[in-house]
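Peer 1: need a structure here:
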Amino acid sequence: MDAESVIITREGPVKRYCQTLDLKDDPALIERYRYYHSPEGCWPEIREGIRAVGILEMDIYIIGNRLFMIVETPLDFDWGTAMQRLASLPRQREWEAFVSRFQQCASSDTSDQKWQMMQRMFTLNP
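Peer 2: Got it, this is the predicted structure:
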């Protein structure tokens with residue numbers, strides 16, 4: 001199956017992408033990471049950049065040190081193009097280097113290099 005899937009929401013059809021990333025297994029670091037993803041701790045430029053590249057919705061869930069992210073986009077969204085643009089936006093490179101101290105990745109990795117795209121293998125919908 002594809003890494004993206006089309007779903008129907010109340011607002012209409014969207015593409016949905018699901019990704020995963022592991023954090024360093026350190027409870028204190030995980031709590032700091034959670035803070036930097038809260039409304040108070042997240043840099044405003046990061047939220048603005050996510051919206052600017054066309055992402056409609058983004059949710060991140062956590063269990064232990066594993067993150068699971070759901071991203072919803074318009075149907076005409078091109079993931080590769082959007083991630084290239086996101087990486088070039090103000091403070092994005094600085095943000096990725098900053099949050100890499102919490103993540104199991106290199107400090108020079110872009111968001112697209114850190115997060116592993118998942119493939120849907122089951123759906124209850126027809």
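Peer 1: Any stretches of this protein with poor pLDDT?
Peer 2: 1-2, 4-5, 7, 10, 126 (pLDDT under 70).
Peer 1: can we see that at 90?
Peer 2: For the chain, residues meeting the criterion pLDDT under 90 lie at 1-12, 107, 123-126.
Peer 1: ranges for the helices of it?
Peer 2: Taking DSSP state H, the helices of the chain run over residues 27-35, 44-52, 79-88, 92-99, 111-114.
Peer 1: for those, which one sits closest to Tyr61?
Peer 2: Nearest to Tyr61, of all the helices of the chain, is helix 27-35, at 11.6 Å by CB to CB. Yep, even glycine has a C-beta here, placed from its N, CA and C like the rest.
Peer 1: can you redo the helices of the chain as CSV with distance to Thr123 and mean neighbour count?
Peer 2: Formatted as CSV, the helices of the chain follow (distance: least, CB to CB, whole Å; neighbours: other CB atoms under 10 Å):
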stretch, distance to Thr123, mean neighbour count
helix 27-35, 30, 13
helix 44-52, 26, 15
helix 79-88, 20, 15
helix 92-99, 31, 17
helix 111-114, 25, 17
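Peer 1: Mind checking these for the one nearest to Asp59?
Peer 2: helix 44-52 (11.9 Å).
Peer 1: Extract the CA atoms of the closest one and return them as PDB.
Peer 2: Taking C-alpha atoms only, helix 44-52 is exported to PDB below (Å, rounded to 0.1, in the frame of the first residue of the first chain):
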ATOM      1  CA  PRO A  44       5.900  30.400  16.400                       C
ATOM      2  CA  GLU A  45       8.000  30.200  13.100                       C
ATOM      3  CA  ILE A  46       7.700  26.400  13.200                       C
ATOM      4  CA  ARG A  47       3.900  26.300  13.400                       C
ATOM      5  CA  GLU A  48       3.800  29.100  10.700                       C
ATOM      6  CA  GLY A  49       6.100  27.100   8.400                       C
ATOM      7  CA  ILE A  50       4.100  23.900   8.800                       C
ATOM      8  CA  ARG A  51       1.000  25.800   7.700                       C
ATOM      9  CA  ALA A  52       2.900  27.700   4.900                       C
END
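Peer 1: Cheers, nothing more for now.
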